[in-house]
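Trainee: next one to model:
(2 chains)
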Amino acid sequence: MVTVPSRNVAICLFVILLCFASVPLFGDKYFVKLALRAIIFSIFAMSLDLLIGYTGLVSFGHAAFFGLGAYIVHLVSPVDESLNLFICLSLTLGLTAVAASIIGAFSVRTKGVYFIMVTLAFAQMMFYFFFNWPGAGGSDGAFIFFKPALKFGDLTVIDLDDGHTLYFFSLFAWVACYILLIFVLRSPFGQVIQGIKINEHRMQGLGYDTYLYKLVSFVIAGTIAGFAGFLFACIDGFVSPGLLGWRESGIAMVMVILGGQGTLFGALLGSVGFHGMEEIFREPAITGVIAEHWQILMGIFVICVVLFLKNGLSALITRFDSKAGEDV
Amino acid sequence: MDASFLLIQTLNGIQYGLLLFLIASGLTIVFGIMGVINLAHGSFYMIGAYLALSLSTLTGNFFVAILMGTLSMAIIGLALEWLFISHLYKRDHLQQVLLTFGLILIFNEVQSIVWGNDPHGVEIPQFLSGSIPLTDTLSYPVYRIFVSAVCLLLAGLMYLIIQRTRLGQQIRAGSTDQEMVENLGINLRLLYAIVFSTGVTLAGLAGMIAAPIESVYPGIGEQVLIISFVVVVIGGIGSIKGAFVGAIAIGIADVYGQVFFPDLASVAVYAVMAFVLLWRPSGLFGRSL
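Mentor: Numbering: from 1, shown residues only, chains lettered A, B, ... in the order given. Below is the predicted model of the structure:
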């Protein structure tokens, strides 16, 4: 496990982020939106990596917080004007944190395969809740007419309705989340959760209340996923129950594995890789008649990743790291 | 709200619970013995339902369709075990979850290519289509009784096989200590193939006999999968007895929830699960972890 990005990783990250930053300068509208989705899903997958790759909690219901974050933006935004960005963001983060602590309090009691099933079941519960609740648009989903913005009188500082503003805001958010998680993992707390992943009994023997540490990790991950959901809701200004579904949770897991678990930055590689493959599979010029049923190719791709790509794409970068520079 | 209405709802709950048991029992033995968590289990239910649809229109006889369907499900199970699942035995849960997630994506698209996305209905066979009058206004359909009877029969058969036969002995031993079983000269790979194929067949059979009650549409498998997970978690993973108790409890909770609290029905089942987990984190009959 690498908690300090090595020099190679730092260089690669810098190059990738530079590429992302230049996309709005050259790319057309469709491509910018695609890159934006990749960034936001990468934040989502990165939060899941904190659970899977560092705490050893394989959550299969992480989309519950992603979708909840998106729905909160819809629920708190007034229909006739945009809400203050800071108020909207703090409400989103606060409420997803509360939801994550409630769901976490139940699910973290369980271990292993029980944890997988219980997180999945709770996420489905949230899915059906929003699916059946007419107040939030029910199964049709709902629109956010005015996206959050930061205004002082007539002066608009940040307006997420603007595509480029949202793009750079999300890119900045990615860097912020990455740095935050690096600090979390380097802190004593981060050392304890990594110890729990390797040997929970020993950590208990050392006197740590592992339940509490796992719960806090779950809440941090859930809150960051909620943040990703907040950004996602701002892309099209549309939310639907599908965002909380198990398919989204599965996709986030695929991204973590594709990028390499326990690396954090792997989530970015995984997300870019996943979105890239999705675009290729859906392109009739490349896949022909199967393009309409591209999910078949995606399924085969997922199976191949699991069977053949053991350490994920990030291993392509970290294999060149010198052993001395590695922080284990 | 009188007694016969309550009786009908209870019968519905038990019938739904028994159907869930058929699905969940496969899920729980596959995990208990092979240590594989199989997300694609719901897809087998879906495939079963669609097979019942196609085969009963093809042959014109529902029972011939079920017989042919059961046979095909067993073969599908063996093929999948050989192609995919056998690579997962030594892998961790995360990889199992992802590989079977990939399988779901494939199955769902295959379903939409072969059968399209419209919902279909399957007709109830003539002599089971009647209903038994309970009062002047209320009656209970014969087909639902038939479904319950089939499920009970299979549950009994499963109990006998597991408790009384040599194969059952090996299955029970396999769930306790795999290495020891292998050392005793039992072909574990063959045992796994049989167990997995049985699980697939049971889920497919559940889909086939449920097809006339519920309409057949894309996504039926996913709903059933999640509920089966709840059942397995409540009963304790690997415990068939637990799956039975859990399935009946969830069946009744779901039906009562829909009757008495229609707004909260979809949440009722998960509330039961949360309560059980608070009380016993590894399920009612599960080994403590």
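Trainee: neighbours of B:S72, just the number please.
Mentor: Neighbour count of B:S72, defined by other C-beta atoms under 10 Å in any protein chain shown: 16. Where C-beta positions appear, they are placed from N, C-alpha and C, glycine not excepted.
Trainee: now do the contacts for it.
Mentor: Under the criterion of C-beta atoms under 8 Å, 6 or more residues apart in numbering or on different chains, the contact partners of B:S72 comprise B:L51, B:G204.
Trainee: pick out the residue in the stretch 151-300 of chain A sitting closest to chain B.
Mentor: Among residues of the stretch 151-300 of chain A, the one nearest chain B by C-beta to the nearest C-beta turns out to be A:G299. It sits 3.4 Å away.
Trainee: now the strands for the chain?
Mentor: As the question left the chain open, I've gone with chain A. Here chain A has its strands, by DSSP state E, at A:142-143, A:149-152, A:155-159, A:238-239.
Trainee: actually, chain B is the one I wanted.
Mentor: Across chain B, reading from the start of the chain, the strands by DSSP E fall at B:131-133, B:139-141.
Trainee: identify the residues contacting the first one?
Mentor: Just to be clear, that refers to strand B:131-133. Counting contacts by C-beta under 8 Å, 6+ apart, the residues touching strand B:131-133 from outside are B:S139, B:Y140, B:P141, B:V142, B:I145.
Trainee: just the buried residues from those, in PyMOL please.
Mentor: To isolate the buried members of the contacts of strand B:131-133 in PyMOL, using 16 or more other C-beta atoms under 10 Å in any protein chain shown:
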select buried, chain B and resi 140+141
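Trainee: neighbours around A:G153, how many?
Mentor: 5.
Trainee: please report phi then psi for it.
Mentor: Phi and psi for A:G153, reported as degrees, to the nearest 10, are phi 60, psi -120.
Trainee: show me what contacts it?
Mentor: Neighbour list for A:G153: empty [criterion: C-beta under 8 Å, 6+ apart].
Trainee: equivalent analysis for A:I193, please.
Mentor: Shown here is A:I193, whose contacts under the criterion C-beta under 8 Å, 6+ apart are A:Y54, A:T55, A:L185, A:Y213, A:K214, A:S217.
Trainee: if I look at it, how far off is A:F115?
Mentor: Taking C-beta to C-beta, to the nearest Å as the measure, A:I193 and A:F115 are separated by 15 Å.
Trainee: just A:S82 next, same as before
Mentor: Where A:F115 is concerned, A:S82 sits at a distance of 39 Å (C-beta to C-beta).
Trainee: same check on B:A65?
Mentor: 40 Å.
Trainee: and B:S56, by the same measure?
Mentor: Computed as C-beta to C-beta, the B:S56 to A:F115 distance reads 41 Å.
Trainee: for A:G69, see how far away the residue nearest the centre of chain A is.
Mentor: Closest residue to the average C-alpha location of chain A: A:F44 at 0.4 Å, with C-alpha atoms, centre = their mean. Spatial separation of A:F44 from A:G69 under the definition C-beta to C-beta is 9 Å.
Trainee: same deal with B:I250?
Mentor: From B:I250 over to A:G69 the distance is 30 Å, taken as C-beta to C-beta.
Trainee: contact residues of chain B facing chain A?
Mentor: By C-beta under 8 Å from any C-beta of the partner chain, the part of chain B that sits against chain A consists of B:31, B:37, B:84, B:87, B:93-95, B:97-99, B:101-106, B:108-110, B:112-113, B:222, B:226, B:229-230, B:232-233, B:237, B:263, B:266-267, B:270, B:273-274, B:277-278, B:281-283, B:289.
Trainee: re earlier: the residue nearest to the centre of chain A against A:S249, yeah?
Mentor: No. No contact is recorded between A:F44 and A:S249 when judged using C-beta atoms under 8 Å, the distance being 9.8 Å.
Trainee: shared neighbours of these two, anything?
Mentor: Residues within reach of A:F44 and of A:S249 at once, by C-beta under 8 Å, 6+ apart, are A:H62.
Trainee: most distant residue from the centre of chain B?
Mentor: B:D136 (35.0 Å).
Trainee: and that residue, what does it touch?
Mentor: Shown here is B:D136, which makes no contacts under the criterion C-beta under 8 Å, 6+ apart.
Trainee: what is the neighbour count of A:D80?
Mentor: 7.
Trainee: can you pull the contacts of it?
Mentor: When contacts are counted by C-beta under 8 Å, 6+ apart, A:D80 touches A:F145, A:F146.
Trainee: pLDDT at it, what is it?
Mentor: Predicted confidence (pLDDT) at A:D80: the value is 79.
Trainee: now it: phi and psi?
Mentor: Note on A:D80: its backbone torsions stand at phi -110, psi -10 [degrees, to the nearest 10].
Trainee: hmm, stretch A:277-292 in reach of chain B?
Mentor: No. With C-beta under 8 Å from any C-beta as the criterion, chain B is not reached by stretch A:277-292; the gap is at least 8.9 Å.
Trainee: let me see the mean pLDDT of that stretch.
Mentor: Across stretch A:277-292, the per-residue pLDDT values average to 83.
Trainee: contact partners of it?
Mentor: Stretch A:277-292 is touched from outside by A:L34, A:W294, A:I296, A:L297, A:M298, A:F301, with contacts defined as C-beta under 8 Å, 6+ apart.
Trainee: what is the nearest of those to B:Y16?
Mentor: Checking the contacts of stretch A:277-292 against B:Y16 with C-beta to C-beta, the nearest one is A:I296 at 32.1 Å.
Trainee: number of nearby residues for the nearest residue in space to that closest one that is not next to it in sequence?
Mentor: Of all residues not flanking A:I296 in the chain, B:E109 sits nearest, at 4.3 Å (C-beta to C-beta, 6 or more residues apart in numbering or on different chains). Each residue near B:E109 was counted by other C-beta under 10 Å, and the total is 19.
Trainee: A:S82 and A:F115: which has the busier surroundings?
Mentor: Shown here are A:S82 and A:F115; by other C-beta under 10 Å, A:F115 has more neighbours (25 against 20).
Trainee: tell me which other helices or strands the longest helix along chain B touches.
Mentor: Across chain B, the helix with the greatest residue count (assigned by DSSP state H) is helix B:3-34. With contacts defined as 3 or more C-beta pairs under 8 Å, 6 or more residues apart in numbering or on different chains; DSSP states H and E, the secondary structure elements packing on helix B:3-34 are helix B:41-59, helix B:142-164, helix B:166-176, helix B:188-210, helix B:220-235, helix B:240-260.
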